[in-house]
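Peer 1: Here is my input, please return the structure:
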Amino acid sequence: MDNQLAKENKGPGIVDGHLLNCPDKPNCINTEYPEQTSHYLSPLDFPESKNEQIMTLAKTTLLEMGAEIITADNNYLAATFTSSLFKFTDDFELRLDNITHKLHIRSASRVGYSDFGVNKRRVELFLKLIKKQIKSSKNE
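Peer 2: Just a heads-up that it's a prediction; the model follows:
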C-alpha cells in the first residue's frame, strides 16, 4: 500500500470501479480477480432482496469480529484489524456490486511479506458470519 495512505489510516479504495489488485506477496486475499489464483476466494453472492441491507449486515459482522470501520457508504466499506501482539494493521475492504449481487472483499497486510494465512482465514470467517446474518435476517 502507498505509505501516505498507511499514514492516513486509509485503505486503497476503489480503483477503476474495483478493489485494488493484490501485490505479489502472500499476505492478501481478493475476490475480484479469479486469475490471481493464489490470492483468490469467491465473493459473497447474496439475494437481490438483500441489496439494501447487505452493507449494514457487513458492517455489523465486521464490528463483531473486532474491526475498526474507517469509512462506509452504500457501495464501499473500509475497515482495519490490528493484531494484539505486534500491532500490525491489516486493511479489510468491501465493494458492493448491486448488478451481480456480489459483495467483493479485499483483505491485506500493510507491512511484511507473509501473514501465515491470517487474511485468508479472516475472509473465510467473515463469509461464514455474514451468511449467518443474512439467513437470520430472512426470519425477521
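Peer 1: switch to C-alpha atoms for all contacts and neighbour counts from now on
Peer 2: Fine.
Peer 1: The protein: helices as residue ranges?
Peer 2: According to DSSP state H, the chain carries its helices in the segments 3-7, 54-64, 118-138.
Peer 1: rank these by mean pLDDT and give me the bottom one.
Peer 2: Averaging pLDDT over each of these singles out helix 3-7 as the lowest, with a mean of 42.
Peer 1: Reformat the helices of the chain into a markdown table and put distance to Gln36 next to each item.
Peer 2: Written out in a markdown table, the entries for the helices of the chain read as follows (distance: least, Cα to Cα, whole Å):
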| stretch | distance to Gln36 |
| --- | --- |
| helix 3-7 | 24 |
| helix 54-64 | 24 |
| helix 118-138 | 14 |
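Peer 1: So which of the ones you listed is the most surrounded?
Peer 2: helix 54-64 (a mean of 18; mean count of other Cα atoms under 10 Å).
Peer 1: So which elements touch that one?
Peer 2: In terms of contact count using 3 or more Cα pairs under 8 Å, 6 or more residues apart in numbering; DSSP states H and E, helix 54-64 is assigned the packing partners strand 68-72, strand 76-82, helix 118-138.
Peer 1: Ok, which of these comes nearest Gly17?
Peer 2: Closest approach to Gly17 among those is made by strand 76-82 (10.5 Å; Cα to Cα).
Peer 1: partners of the closest one in the sheet?
Peer 2: Under the criterion DSSP bridges, strand 76-82 sits next to strand 68-72 (antiparallel), strand 89-97 (antiparallel) in its sheet.
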